[in-house]
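Asks: I would like the atomic coordinates for the input below:
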Amino acid sequence: MMPSLYVVTIDGPAGAGKSTIARLLARRIGANYLDTGALYRALAFYLDASGIAPANGKNVAEALGGLVVSLQGGRVFVDSSDVTDKIRTPHIDAIVSRYAELPLLRASLLELQRSQAAEGPLVADGRDMGTVVFPKADLKIFLSATAEERARRRWKELAERGERTSFEEVLSQVIRRDGIDSSRALAPLRQAEDAVVLDTTALSIEEVLSRLSSLVEERLKERLNRGGRDV
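Replies: The predicted structure is shown next:
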């Protein structure tokens with residue numbers, strides 16, 4: 001019998017396929033899915049819409065004071081407002097990293113993210129899931145892909161939603177965001193020492209899912225063989 005509580009983390013740069021793969025993997029292995037990127041996007045959307053810039057620390061603190069961000073049925077809410085369809089735009093792509101590097105904002109979401117592990121098996125994706133949020137996760141995955149491939153995926157996604165932008169602009173945003181995410185002082189994007197690295201550049205979604213499903217099964221069997229208990 002597999003453990004009833006375990007955590008799989010999937011980290012990687014923007015456009016590596018984390019959200020898509022994490023959502024599908026969770027469904028395949030019967031786990032809950034935590035889209036941490038959506039949480040940061042929701043707060044970035046709210047603060048930006050309120051005219052509060054990342055540099056305005058006092059106003060950010062006041063705005064976050066009574067704010068409630070939640071995930072309900074795959075939708076993202078800020079207080080009672082469903083912002084799911086408003087947080088996946090090129091504008092939010094361009095600003096979310098600046099907000100996400102704020103210590104106050106990251107601290108406000110840390111316990112919310114960790115609390116999800118008590119609800120059952122969990123697949124969590126983001127930038128620091130395996131290094132900061134769940135450093136003792138049962139399995140840590142780091143997905144990568146070339147900047148060009150990641151930009152191509154993002155450009156295609158935007159086009160399918162009817163949002164017109166050039167591939168060159170999307171590539172520029174991807175490269176710029178890589179720099180911000182990797183160089184920020186707090187919880188920078190980096191591969192956990194014990195993470196399994198998978199380059200998805202030339203792989204189909206099904207190929208990635210097949211490999212990760214096998215890794216999850218192998219890791220959980222190893223845990224049981226070691227006499228591991230539910231946590």
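
Asks: how near is the nearest residue to Leu64 once chain neighbours are set aside to Glu157?
Replies: Spatial nearest neighbour of Leu64, excluding adjacent residues (C-beta to C-beta, 6 or more residues apart in numbering): Ser108 at 5.3 Å. (C-beta placed from N, C-alpha, C; glycine too.) Per C-beta to C-beta, to the nearest Å, Ser108 is found 28 Å from Glu157.

Asks: which residues of the chain score low on pLDDT?
Replies: 1-3, 227-231 (pLDDT under 70).

Asks: rewinding a little: the more surrounded of Ser108 and Glu157?
Replies: When neighbours are counted by other C-beta atoms under 10 Å, Ser108 and Glu157 differ, and Ser108 comes out ahead with 18 against 14.

Asks: Now do the helix or strand where the more buried one lies: everything it contacts.
Replies: Using DSSP states H and E, Ser108 maps to helix 103-115. Contacts to helix 103-115, defined as C-beta atoms under 8 Å, 6 or more residues apart in numbering, come from residues 34, 36, 39-40, 43, 57, 60-61, 64, 67, 69, 99-100, 124, 132-134, 186-187.

Asks: Show only the entries of these found in strands.
Replies: Leu34, Val69, Ala124 (DSSP state E).

Asks: related to what we said a few turns ago, which ones among the contacts of helix 103-115 lie within helices?
Replies: Thr36, Leu39, Tyr40, Leu43, Gly57, Val60, Ala61, Leu64, Tyr99, Ala100 (DSSP state H).

Asks: I'd like to know which of those residues is nearest to Lys18.
Replies: Proximity of these to Lys18 (C-beta to C-beta) peaks at Thr36, which lies at 9.4 Å.

Asks: which ones are touching Thr165?
Replies: Pro90, Trp155, Leu158.

Asks: Next: Ala117.
Replies: Contacts of Ala117 by C-beta under 8 Å, 6+ apart are Leu5, Val7, Phe134.

Asks: Pull out the buried positions in stretch 87-102.
Replies: Neighbour counts over stretch 87-102 (16 or more other C-beta atoms under 10 Å) mark 87-88, 90, 92-93, 95-102 as buried.
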